[in-house]
Every structure is written in C-alpha cells, then in structure tokens.
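S.K.: From the sequence below, what's the structure:
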Amino acid sequence: MGKFKDFLKKKDIVFSGKRYGIDAMSAMAQGLFCSLLIGTIIKTIGQQTGVDFITEIGSTASSMAGPAMAVAIGYALHAPTLVLYSLLAVGAAANTYGGSGGPLAVYVIAIIAAEVGKVVSKETRVDLIVTPAVTIVCGVGLSALIAPAIGAAASAFGELIRTATVLQPFLMGILVSVLMGIALTLPISSAAICHALALTGLAGGAAVAGCCAQMVGFAVMSFRENKWGGLLSQGIGTSMLQMANIIKNPKIWIPPILASAITGPIATCVFHLEMNGAAISSGMGTCGLVGQIGVYTGWLNDIAEGTKTAITAMDVIGLILICFILPAVLTWLFGLLFRKIGWIKENDLKLQN
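M.R.: All right, here's what the predicted structure looks like:
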C-alpha cells in the first residue's frame, strides 16, 4: 500500500473532491469560455454586421468546445505535455459521442483518460508513442462505450428541469435561481453545470436571474466596504471573491440568496425571460455581461427561427430589472436590515487584497 501511495504521489494523482469537483470543473468552464462562449459572441457579431468571415471565425471557435474542455481539465490535473495534447482527440470524441449531453461526458472521460495517461507517462523508453496511444485509446474507447449513456442521462435531467420550469414556473423559478446562484458563488462552476445540463429556455432565464442576484447583490451590498473597485470586481467579475467572508460569517450570504428567490419567479412568471443562446451563458450572470449577451443572442435566434417577431421594450425592461436593478435594490435592502440587527458587522464584506 505504501508503494502504491508513493507511486500516486510521484504521478501527482490526487483522489479528492477539490481536484475533481472544483479544479477540474472550473477549468472545464474556462475551456468552454475560450471556445463555445467566445465563439458564439464572435459569431453573433459577424451575423449582426453581415461579415461572413467573422461569423466563420466564431463558428470554428465554437466547434472546438470538446477539445478545449478536455485540455483545460488535463491542465487542472497537472497532466504532462504528451497527455495534455492527446486529450484533444479525447475531448472531441467524448463531446461527439455524448450528443447534447457531451460536456458532462467530456468532464468524466477526460478526467479518467488524463489520470491513466499520467500513470504510463515517462515509464517507458518509447514514451512518445506509449503515452499518447494509451491516453487516446482509453479516452476515445470510453467515449464510444459510455459517452452516449452519460450524455443521455445529462440530457434527460436537463429536459426534466426545463419541463418542470415550464409547468411550475413559480416554484422552479425559485429553485433554479437559488441553486444556480449559490453554485456561481461557490468555488465550482455554475456555467459548466448549465452547459452540461443544457439549461436553456425558461429554466435558463431563472439561472441567469439567480447568478445576477449573487454578483450584483454582493457588489452593491459590500459597496460600503469595497467602494468602486469591489463593485466592478464582483459585479462584472465574480461573487466568488466573497467566499472567504462567507466562511467567516455565513449570514452575509442570505441577502443575495433571498434576492435570487424573488427575482427567479419574477423572471419566469412575469417577464418570461428565456435563455435561448448558449447554455453556458445561463450560469455566467453579469460576468463580462455574458449572461445578458446570451439572452440577446437567444432573442436573435428566436427571430431567425420565426418563433419571435421582434425584441420588444418589455423584453429589454425585463432584462434590465432582473439582471441589474432588482438584485441591487433587494440585496441592499436585505443587507441594510441585517446590518441593523447585527447579523452583518462592519468589514464582514471587506474583500482581502
């Protein structure tokens, strides 16, 4: 047993929730951002300006989502270079075989292939042949065997959430908004979760509401302590910056969670806010305004498909209220109340330099 542990340590293979549940998933989201998401934005710009070349660039970038996710995961797992490069083929295969649930298949299979590749890396004199061969055979073979089932399970679960939100928009609006908002602030990836489950439509709109409530909420509620720098870093960056403070005083998390519980059903029941752009945008909130760009892209997609005639004033008002005004006002009010009753004290929301 001792030799096995030493071997794992030598290969930097760590079986832990942090390594696989946080590091790998966060990296996967970055891979998605640098391929599918940015590609979708570029493609939309090309379509709106009528420049085909820009549209093609965006389409090409989006098509690289599988390889990008796999390489990002491998990087997070400290995979050697030959394993890392081999994961390009693994990611492409897993994403293809996984269908609409491909991202989850990539996540699972890339982790396994990366760790197997690390086991054989630099163990033979023909490492240049053995390591890529083992990594690719393992990853692509698993993709053919289990990716369809993983993808189908992810798609079925995502469809369940989307259908339930349509049937019960009030309750599901609260549930999806709160849970996705919490996931965004935790050191995991709400964006990767949304994309893996293809969380679009009304459920995607609720997810946008919850993520915006966390980011805008924390930004405004902590303005007293963090001023403009904190407003920008949290409002268009990430509310994850507050995790250290949440651990010290979990009560500071209640105001944005309450705000998300309110804005979620307003999004689904009042404004019928839908995310019909890239599913990853549902879990981005106001980060780089990606969530709002995703909603706008969805409107354009709906118009192109003939399911929507035009972008109305109510659409724009609803987006602004759900993403910016309501999260700011509600969280500020709840935060003010919590300060008065002593649940939030001076500097509880102060960001560490």
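S.K.: and the closest residue to Ala144 other than its chain neighbours, what does it touch?
M.R.: Here the nearest residue to Ala144 in space, its sequence neighbours aside, is Tyr97; by CB to CB, 6 or more residues apart in numbering that works out to 6.1 Å. Just so you know, the C-beta spots here come from the backbone N, C-alpha and C atoms, and that holds for glycine as well. Contacts for Tyr97 were tallied using CB atoms under 8 Å, 6 or more residues apart in numbering; they are Ala105, Ser143, Ala144, Ala147, Pro148, Gly151.
S.K.: Which strands or helices does the strand or helix carrying the fourth one pack on?
M.R.: Pointing back at Ala147 there. Assigned by DSSP states H and E, Ala147 belongs to helix 127-167. Helices and strands touching helix 127-167, as assessed by 3 or more CB pairs under 8 Å, 6 or more residues apart in numbering; DSSP states H and E, comprise helix 81-97, helix 102-120, helix 169-185, helix 201-221.
S.K.: ok, 6 Å please
M.R.: helix 81-97, helix 102-120, helix 201-221 (3 or more CB pairs under 6 Å, 6 or more residues apart in numbering; DSSP states H and E).
S.K.: got the buried residues for the shortest one?
M.R.: By 16 or more other CB atoms under 10 Å, the buried positions in helix 81-97 come out as 82-97.
S.K.: follow-up on the earlier one: present the helices and strands packed on helix 127-167 as CSV; the columns should include distance to Asp348 and mean pLDDT.
M.R.: Formatted as CSV, the helices and strands packed on helix 127-167 follow (distance: least, CB to CB, whole Å; pLDDT from 0 to 100):
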stretch, distance to Asp348, mean pLDDT
helix 81-97, 41, 96
helix 102-120, 35, 94
helix 201-221, 10, 96
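S.K.: Point out the most buried one among the ones you listed.
M.R.: Among the helices and strands packed on helix 127-167, helix 201-221 has the highest mean neighbour count (mean count of other CB atoms under 10 Å), at a mean of 32.
S.K.: from the middle of its chain, how far away would that helix be?
M.R.: Centroid separation for helix 201-221 versus its chain: 13 Å, with CA atoms, centre = their mean, to the nearest Å.
S.K.: which helices and strands does it pack with?
M.R.: Under the contact definition 3+ CB pairs under 6 Å, 6+ apart, helix 201-221 sits against helix 127-167, helix 169-185, helix 223-235, helix 254-265, helix 326-340.
S.K.: Tell me which of the ones you listed approaches Lys43 most closely.
M.R.: Closest to Lys43 of the helices and strands packed on helix 201-221 is helix 127-167 (CB to CB; 22.7 Å).
S.K.: Now do that closest one against helix 102-120: the angle between them, please.
M.R.: 160 degrees (axes from the mean of the first three to the mean of the last three CA atoms, to 10 degrees).
S.K.: For stretch 336-344, C-alpha coordinates in CSV please.
M.R.: Coordinates of each C-alpha in stretch 336-344 appear next as CSV, following Å, rounded to 0.1, in the frame of the first residue of the first chain:
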residue,chain,number,x,y,z
LEU,A,336,-29.3,47.0,5.5
LEU,A,337,-31.7,45.1,7.7
PHE,A,338,-29.1,42.5,8.5
ARG,A,339,-26.6,45.3,9.5
LYS,A,340,-29.2,46.9,11.8
ILE,A,341,-30.0,43.6,13.6
GLY,A,342,-26.3,42.8,13.9
TRP,A,343,-26.1,39.8,11.5
ILE,A,344,-23.7,41.7,9.3
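S.K.: and for that stretch, what are the contacting residues?
M.R.: With contact meaning CB atoms under 6 Å, 6 or more residues apart in numbering, stretch 336-344 is reached by Lys251, Ile252.
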